[in-house]
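Undergrad: Just need the structure, nothing else, for what follows:
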Amino acid sequence: MKIERLENSGFSFRDVYNLVQKAFSERLSNGMRFGLSLMTEGEMIASIPGAVTLVACEDGRLLGTASIETEKTDSKGVHYAYLSTVAVLPETSGRGIGRKLLEEAILLSREAGCNYVESDTAIQAESSVRMHLKAGFKIAEITHFKDRNYLSYVFRLQLVPDPYWDDDKAVEADLEANRREWLSKFNPDYTPTRKYLRSEKRRKIRYAVKEWFKSRWDRISGKKRRMTIDDIHAVSVDILRDIDAFCRKNDIRYTIAFGTLIGAVRNKGFIPWDDDIDIMMLREDYERFRSSYTSDKYIFLDCRNNDDVYISFGRVADTGRTEMLSAIPWHGKSLRTGIFIDIFPLDSVPDDIEEYKSLYSIANTYYYQQCNIRKTRGSFNGKQDFRTFRYRFLHPRLIKRDPNWFAQNLEKMLMMLSRPEFGHVAQLCCPDTLETYFPKRIFEDITYLEFEGMKVPAPREYEYTLRCIYGDYMSLPPAKYQKPAVFKYADFFWR
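TA: Numbering: from 1, shown residues only. Got it, this is the predicted structure:
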């Protein structure tokens, strides 16, 4: 099968017209009216002046077609392309013909210097909707064509940065929810058939099983090489060096924390089974860091600078050399990250311990609700796969909720309740322990400890902070706990 322009293919516009009529015949029989499918051949030619018509053919037979207009300008004066038609013969569906036509149309748009590609398709055409989403399109809006009796997703694929558009404007692509909501709104008698609901359930199960086997095959075949704990330590130290150099240059205060601080005190480096590096910053330093951090190798992410991030604190992550597969992901599939360093902001909290406990209780509720939603979005990586299946199929309400909403609202609440006159700070963006409650002065007076060959800042009263959290921090835990915790639910791979 080959993709070529209509004028080079030996087919006529009449052949394309007949194919479009045949491709849309089933939908027309259901009362839906598509503009191109209702036109005469002459009207179709006149409706797309200057459009490039692509055809997919094999052994002298026309299998599919796509029309792309690459010389359009929107109301802002931005040059864009409009994909007006993608049609494939019904008997050839499932062969990837539509996807190849779509990819070729996008390539033509790039060559024409378009800023973005726009397309639309009926909500009922689920295979077309999924094809657009897999190609990277975002749903810009949902439109009701009253004169044609159908609802349509308007898709947009950004090819170059555009000041008038960002992905925050995209509509959440919940296909079944949108289908039910909009069809019931414009057709009160609509109810999904039992047959349709069964097919949707089977489709979800097939997709989950396919994802599970693919993750297994990637590891068995050696396509992805799993990182050892030593590999994780080496990349983590490299990220820490980058953060340390940036903070020193910009006079931003930070201190190492939690297991990283214990390792610096006890081992002058990593605890042998520790799997990450944790650092803390007072809120004012954290805000300066998150707004100004730049690096050639790493990226800073939190729930405020990317709506596909599910956590309230920040992470500086590697995106070039390593990759993470997790049963409890911290971001969506639009991002691909690997090794990271946690950066926890310290917020001012009430000096009254009971008021602090009340605040902690609220923060803890937000945090664990967010964690439960994240479990429904995990990868099948051989770690807690049964729990991932269980959460996906037995908790439909959690699947539809947005963990970023919980993360953003937790952080907004903490910043709103913070007062400069408070004398205590606490780490509540990841509130898994009540004991991170300290006098603010501790983090304003620092010392330097050795950690993996570098000098890193730590609270001068680090012994007090460690005793508050861990008690006797110099004693080793039982042998069964001397294992990397992250390997219980995630794996890291070299790319």
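Undergrad: Any regions of this protein where pLDDT drops low?
TA: 25-50, 124, 144-151, 162-201, 203-204, 207-208, 210-223, 379-396 (pLDDT under 70).
Undergrad: Just say helix, strand or coil for A458.
TA: A458 falls in the strand class when you classify it by DSSP: H, G, I helix; E, B strand; the rest coil.
Undergrad: Name the nearest residue to it, ignoring sequence neighbours.
TA: Counting by CB to CB, 6 or more residues apart in numbering, A458 lies nearest to L449, which is 4.8 Å off, once chain neighbours are set aside. Where you see a C-beta, it was placed from the backbone N, CA and C, and this is true even at glycine.
Undergrad: Quickly run through the sheet partners of the helix or strand hosting that neighbour, with directions.
TA: Following DSSP states H and E, the helix or strand that holds L449 is strand 446-451. Partners of strand 446-451 in the sheet, by DSSP bridges, are strand 454-459 (antiparallel).
Undergrad: Show residues contacting the partner strand.
TA: Contact with strand 454-459 is made by 237, 240-241, 244, 253-256, 261, 264, 442-443, 445-450, 465, as judged by CB atoms under 8 Å, 6 or more residues apart in numbering.
Undergrad: V154 - that's part of a helix, no?
TA: No. Counting by three-state DSSP, V154 is located in no helix; its state is strand.
Undergrad: how deep is it tucked in, by neighbour count?
TA: Using other CB atoms under 10 Å, V154 has 16 other residues around it.
Undergrad: any idea how far it is from R110?
TA: 20 Å (CB to CB, to the nearest Å).
Undergrad: so the residue nearest to A458 bridges to which residues?
TA: According to DSSP bridges, beta-bridge pairing links L449 with V456.
Undergrad: Does it touch A264 like I think?
TA: Yes. Using CB atoms under 8 Å, L449 is in contact with A264, at 4.2 Å.
Undergrad: got any residues that touch both of the two?
TA: Both L449 and A264 are contacted by 256, 456, 458, under the criterion CB under 8 Å, 6+ apart.
Undergrad: neighbour-wise, which of these leads?
TA: Neighbour max across the shared contacts of L449 and A264 (other CB under 10 Å) = A458, 25 neighbours.
Undergrad: quick one on the thing from earlier: how far away from the center of its chain is the strand holding L449?
TA: On the basis of CA atoms, centre = their mean, to the nearest Å, strand 446-451 sits 36 Å off its chain's mean C-alpha point.
Undergrad: May I have stretch 238-248 as CSV, with CA atoms only?
TA: What follows is stretch 238-248, C-alpha atoms only, in CSV (Å, rounded to 0.1, in the frame of the first residue of the first chain):
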residue,chain,number,x,y,z
ASP,A,238,24.1,14.2,38.9
ILE,A,239,20.7,15.9,39.3
LEU,A,240,21.6,17.1,42.8
ARG,A,241,24.9,18.7,41.5
ASP,A,242,22.8,20.6,38.9
ILE,A,243,20.3,21.8,41.5
ASP,A,244,23.1,22.8,44.0
ALA,A,245,25.0,24.8,41.3
PHE,A,246,21.8,26.6,40.4
CYS,A,247,20.8,27.4,44.0
ARG,A,248,24.3,28.7,44.9
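Undergrad: what does that stretch rub up against?
TA: Stretch 238-248 has contacts (CB under 8 Å, 6+ apart) with 252-254, 277, 279, 289, 293-295, 297-298, 316, 318, 339-341, 343, 451-452, 454, 456.
Undergrad: Next, the contact list for I252, please.
TA: Neighbouring residues of I252 by CB under 8 Å, 6+ apart: 246, 281, 285, 288-289.
Undergrad: what's the distance between it and T447?
TA: Remark: distance between I252 and T447 (CB to CB) = 17 Å.
Undergrad: Please apply the same query to M227.
TA: Distance from M227 to T447, by CB to CB: 32 Å.
Undergrad: And the two? Which one has more around it.
TA: M227 (21 against 12).
Undergrad: got the phi/psi numbers for that one?
TA: With angles defined as degrees, to the nearest 10, M227 sits at phi -80, psi 140.
Undergrad: now swap in the one 10 residues further on and tell me
TA: For V237, the backbone dihedrals are phi -60, psi -40 (criterion: degrees, to the nearest 10).
Undergrad: ok, now which ones touch it?
TA: 277, 452, 454.
Undergrad: Could you report the neighbour count for the residue nearest to the second one when sequence neighbours are not counted?
TA: The shortest distance from E452 to any residue that is not its chain neighbour, by CB to CB, 6+ apart, is 4.4 Å, and that residue is G269. Other residues within reach of G269 by the criterion other CB under 10 Å amount to 17.
Undergrad: Give me the three-state assignment for G269.
TA: Quick answer, by three-state DSSP: G269 is coil.
Undergrad: Quick check, it in contact with L449.
TA: No. Counting by CB under 8 Å, G269 stays clear of L449, with 10.3 Å between them.
Undergrad: ok, back up a step: with distance to K76 and neighbour count as added columns, please give the contacts of I252 in CSV.
TA: Formatted as CSV, these follow (distance: CB to CB, whole Å; neighbours: other CB atoms under 10 Å):
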residue, distance to K76, neighbour count
F246, 36, 18
M281, 39, 24
D285, 39, 20
R288, 34, 17
F289, 34, 23
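Undergrad: the more surrounded of L449 and A264?
TA: A264 (22 against 19).
Undergrad: Surely that one touches A257?
TA: No. Here A264 lies out of contact with A257, judged by CB under 8 Å, at a distance of 10.2 Å.
Undergrad: any chance of the shared contacts of L449 and A264 in TSV, plus distance to E4?
TA: Putting the shared contacts of L449 and A264 into TSV (distance: CB to CB, whole Å) gives the following:
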residue	distance to E4
I256	60
V456	60
A458	65
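Undergrad: Looking at those, which one is closest to A363?
TA: The shortest gap between A363 and any of the shared contacts of L449 and A264 belongs to I256, at 22.9 Å (CB to CB).
Undergrad: what are the phi and psi angles of the closest one?
TA: phi -70, psi 160.
Undergrad: That one and L466: what is the separation?
TA: With CB to CB as the criterion, I256 and L466 are 11 Å apart.
Undergrad: Can you tell me the centre-most residue of the protein?
TA: G332 (2.3 Å; CA atoms, centre = their mean).
Undergrad: Excluding sequence neighbours, find me the nearest residue to it.
TA: Nearest one to G332, counting by CB to CB, 6+ apart, is D308 at 3.8 Å.
Undergrad: what's the neighbour count on the one you found?
TA: By other CB under 10 Å, neighbour count at D308 equals 15.
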